[in-house]
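> Let me see the structure of the following:
(chains A, B and C)
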Amino acid sequence: MTRKGIIDEAMRVVLLCAGLASLSIVVLIGLFILRESLPAFHEIGVWNLLSGKEWRPGQGQFGLLPMIAGSGLVTLGAICLGLPLALCCGIFLAEIAPTWIRVVVRPSIELLAGIPSVVYGLFGLVVLVPAVRQIDYPGNAGFGLLSASIVLAVMILPTIASVSEVAIRSVPDEYRQGALALGSTRWEMIRRVVLPAARSGILSAVVLGLGRALGETIAMIMVIGNSVMMPTTMGGPLPGIFLSRARTLTGNIAVEMSYATGLHSSALFATGVVLFVLIMIVNSAARALMSRNVRGGRP
Amino acid sequence: MNRTMACLTAMALCICSLAFAEKITVAGSTTVQPLAEKLALAYESVAPGVTVEITGGGSSVGVTSVGNGSVDLGACSRDVTQAEFERFPGLEALCIARDGIAIIVGPEVSVTNLSKSQVRDIFTGDISNWSEVGGPDEAIVLVSREEGSGTRSAFENIVLADAALISGAAVLQPSNGAVVTTVSTTPYSIGYVSFGYLNESVTALSVNGVAATVENAQAARYPIVRPLLLVAAGDASPLVQGWLDFIMSPAGQSIVEAEGYLPVGHVE
Amino acid sequence: MTAGGARRTAWQNCVFALFWLSGITAMAVMLAVVGYVMVKGIPEFSIDFFTTSPRGGLSGEGGIASTIVTTAYLVVMTMAIAAPLGTAAGIYLVEYAGNSRNRVATAFLKLSRFGIETLAGVPSIIFGLFGYALFVTAMHFGFSLLSAALAGACLVLPVVVRTAEEAFKSVPDAYREASLSLGATRWETIWKVVLPSATPGLTTGIILGVGRILSETAVFYVTLGGSCRTPTSIFSSGRTMALHVYYLAMETRAFDKAMATGAVLVILIIFVNLAINAVSKRLSAGGNRS
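Numbers count the residues shown, from 1 in each chain, chains lettered A, B, ... in the order given. Just a heads-up that it's a prediction; the model follows:
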């Protein structure tokens, strides 16, 4: 074999190893976390872990339900507050805004999507928590699900808006021309032709936003209060539950990780597994819901 | 392309060749942290070439990290538990100071004194309104520490006693400093912090009529006092022992006293 | 006009007004947050702020000098691990496995893609958990730049691999065929023809990774420790600027310093975005040249 040929073969092996290494990192992380979480699943039991209402590792109680509720409620709040606004903003930028606005606003949104989450958390701590505290409600201390939902909504706004804007803009112009030629107004064209055509892109935007919301850690630790209780309405009407303090699954891991040992540590890995499974479920549900909606609707 | 690779390689070499300086690593209690920082600075001026790196995380982080071998010394603001001695055999604890835990309240709270049992009832959630202890008619906002905190364990052992638990509704913060910040900016809140963290932004209550001062704690009149420990896994290396000797010397203990903690050795 | 045209147009104007409102609201909300941080933070800028290190403890005094150094070290170390690995993996996936008709290679390709996509969707705290358990504890690296860089490399790897793949795919096959027909080996083709062509795309990936590291907090919160000192070796602890914002906000009442550090981060992200835009422009301009 010539020298060139040897180098060629050698580099092929090196690159193969690099490819394998990248793949194996994924596998390694997955297996490691699963393995570490097994003692918790085994000793505490999957059902107890998922439905237990008390999380007091010092007393040997490991119930994740308060954290699942916390993560779920804060994501729900963020989606309710942020999703309509973000989608409307995306549609606005893609179809309705004049070019000069689009040229200024689009890079700004991309910039905002890259701002560190700790900056949003700081804003929440300094501005939102004192503001929410003004609401006259028993037990309201400012920290809680409402502040966290607002912070999260502001964080997912740029993500959803920019991705959905790209998706809508990538719908071929022929669709638009065709609809207009058939006599529809611009709004009708958008609603009945462009949006359905862009639905998979919009869906990706929503899924991305959901993923970011469920996976957010630092901003949540700063404003949600990290209490280990189930979110409660504290005696008031149902929406009052958003003024309750809570803890997210991500916050659970971050706050307790560095000192947990033994079963407690394993329970935190189990929290990670639950978090990951939750994200997968939410993603699949979002996809299923979106495609069912469109299939059932009129073309 | 080649220039980029050369640049990157040079940078990588620079980083790797950074001298592994003579270093002592400490992790753990946020109570001990500011004291340890001051002691470290003083020692570094006396013993040049030595650096002491201190991080926080809470007392349990300290014990776990030193047990795992991640750091040289673990800082702990409570006694090492039996379970920890079993998990990491060979731990050696040195008491470098003692410290009081102050009960602090946030703005708008007019109460200045509470009995120990009132403090207990407030933190377990039995008393939930300031009006029950002579304050305004507002709900009490509890601020507490995470379970791994030595301050929390000491507080639970001394104030709560007989297996009572801190209410689950408490806002949990991961360090003494965070508790001070939260209490000082949240009206009608109450929390507990180490003496060393007291400043003008919060009011420290007197407990059972005894003010939260170092003199009262030293004289055992103030009821909530606990030891501050530095824990090593087995015998300390000569490098680490040098620092420990400095801390227990009169020079070190006078720094302890200057920072608002209770010295255990002879003071200069 | 068609039947009901006036009504439909009126309805459209209503709806469009609503959209204008939502667009303006969304922009206002996003700008309010960033604007607040900048307005509160920039007045704190001073030579002192950038050249002194934080004092630590409750005081919140000092500047951000050591955090700038730590962040720089961390970025370089993380990209030093992730960039070569990711690029090499990208090369293999596109140049070798992509062209192969071997069933094993195709399966490997699909598996890798799936793995990378999954990794991209994992919350960053899981990387922190993994990094803490493996690098800090099990491998005894402790809270250090090394643990943080390794955990961070796992985090940015999907970004780098994805952009590398895109970059290599966008190199026209004609380049490769021309090179091979001139007698070059596969590796020579890759090294001398494909890589240079793909450089703008690769650079984009690296810059994206850098941006990710700058804004990431959760992973480094549990692997880096929180020391205020300037790191002296790869085993030193430290704090990145993002972590410093967190510690300032939580432990001291120096909210203005926290805002200032946040403002520095925002400015850095602006530069990162500008860099990406500049490189992308060169990418599309360069692609037209032949």
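> Please name every helix or strand in contact with the helix or strand hosting residue C:112.
Per DSSP states H and E, residue C:112 falls inside helix C:103-121. With contacts taken as 3 or more Cβ pairs under 8 Å, 6 or more residues apart in numbering or on different chains; DSSP states H and E, helix C:103-121 sits against helix A:3-44, helix C:145-169. For the C-beta atoms, the positions are set from N, CA and C on the backbone; glycine is no exception.
> right, is the next helix or strand after it up against chain B?
Sequence-wise, the next helix or strand downstream of helix C:103-121 (DSSP H and E) is helix C:124-131. No - Helix C:124-131 is not in contact with chain B by Cβ under 8 Å from any Cβ of the partner chain; minimum separation 12.6 Å.
> Low-confidence ranges, the stretch 51-200 of chain C, go.
Within the stretch 51-200 of chain C, the segments meeting pLDDT under 70 span C:56-58, C:98-101.
> Can you pull the residues of chain A lying near chain B?
Residues of chain A lying near chain B (Cβ under 8 Å from any Cβ): A:54, A:56-59, A:130, A:133, A:138-139, A:141-143, A:221, A:225-229, A:245, A:247, A:255-256, A:258-262.
> hmm, back to that, residues touching the helix holding residue C:112, excluding its own?
For helix C:103-121, contacts defined as Cβ atoms under 8 Å, 6 or more residues apart in numbering or on different chains pick out A:19, A:22-23, A:25-27, A:29, A:211, A:279, A:283, C:89, C:93, C:96-98, C:100, C:154, C:157-159, C:161-162.
> can you check stretch C:174-191 too?
Applying Cβ under 8 Å, 6+ apart, the contact partners of stretch C:174-191 are A:4-5, A:7-8, A:11-12, C:91, C:95, C:192-194, C:197.
> can you pull out the helices in chain C?
Assigned by DSSP state H, chain C shows helices spanning C:5-41, C:47-51, C:65-91, C:103-121, C:124-131, C:145-169, C:173-181, C:186-189, C:195-215, C:218-223, C:241-251, C:255-288.
> winner for burial among the ones you listed?
Across the helices of chain C, the average number of neighbours (mean count of other Cβ atoms under 10 Å in any protein chain shown) peaks for helix C:218-223, which reaches a mean of 30.
> Any residue of it touching chain B?
No - applying Cβ under 8 Å from any Cβ, one finds helix C:218-223 separated from chain B by no less than 9.2 Å.
> ok, residues contacting that helix?
With contacts defined as Cβ under 8 Å, 6+ apart, helix C:218-223 is touched by A:217-218, A:250, A:254, A:257-258, C:74, C:123-125, C:127-129, C:131-132, C:135-136, C:143-144, C:147-148, C:151-152, C:155, C:240, C:242-243, C:246.
> All the strands of chain B, in order from the start?
For chain B, the strands defined by DSSP state E occupy B:22-28, B:50-57, B:73-76, B:91-105, B:113-114, B:141-145, B:171-173, B:189-194, B:203-204, B:206-207, B:225-233, B:262-263.
> CSV please, covering the ones you listed and showing mean neighbour count.
Formatted as CSV, the strands of chain B follow (neighbours: other Cβ atoms under 10 Å in any protein chain shown):
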stretch, mean neighbour count
strand B:22-28, 25
strand B:50-57, 24
strand B:73-76, 31
strand B:91-105, 22
strand B:113-114, 19
strand B:141-145, 27
strand B:171-173, 27
strand B:189-194, 27
strand B:203-204, 19
strand B:206-207, 20
strand B:225-233, 23
strand B:262-263, 20
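> Out of the ones you listed, the one nearest chain C is which?
strand B:50-57 (3.7 Å; Cβ to the nearest Cβ).
> outside of the closest one, which residues touch it?
Under Cβ under 8 Å, 6+ apart, the answer for strand B:50-57 is A:258-259, B:21-30, B:33, B:36-37, B:40, B:43-44, B:65, B:75, B:148, B:174-175, B:239, B:242-243, C:143, C:225-227, C:229, C:232, C:236-237.
> which of those residues count as buried?
Those of the contacts of strand B:50-57 that meet the buried threshold are A:258-259, B:23-30, B:33, B:36-37, B:40, B:43, B:65, B:75, B:148, B:174-175, B:242-243, C:143, C:225-227, C:229, C:232, C:236-237, by 16 or more other Cβ atoms under 10 Å in any protein chain shown.
> mind showing which ranges of the stretch 151-299 of chain A have poor pLDDT?
Residues of the stretch 151-299 of chain A that meet the criterion pLDDT under 70 lie in A:290-299.
> And the helices in the stretch 151-268 of chain B?
Using DSSP state H, counting those that start in this stretch, the helices of the stretch 151-268 of chain B run over residues B:176-185, B:214-218, B:238-248, B:250-258.
> Just say which of those helices is most tucked in.
By mean count of other Cβ under 10 Å, the helices of the stretch 151-268 of chain B have helix B:176-185 as the most buried, with a mean of 25.
> Am I right that residue A:190 is in contact with residue A:91?
Yes - contact criterion Cβ atoms under 8 Å: residue A:190 and residue A:91 qualify, at 6.8 Å.
> Domain-wise, how is the chain divided?
Picking chain A for this. Here the domain parsing of chain A from automatic domain parsing is A:1-34, A:44-295.
> Chain C, not that one
Split by automatic domain parsing, chain C gives C:3-44, C:47-289.
> need the ones you listed in JSON lines with distance to residue A:181, can you?
As requested, these are exported to JSON lines (distance: least, Cβ to Cβ, whole Å):
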{"stretch": "domain C:3-44", "distance to residue A:181": "15"}
{"stretch": "domain C:47-289", "distance to residue A:181": "32"}
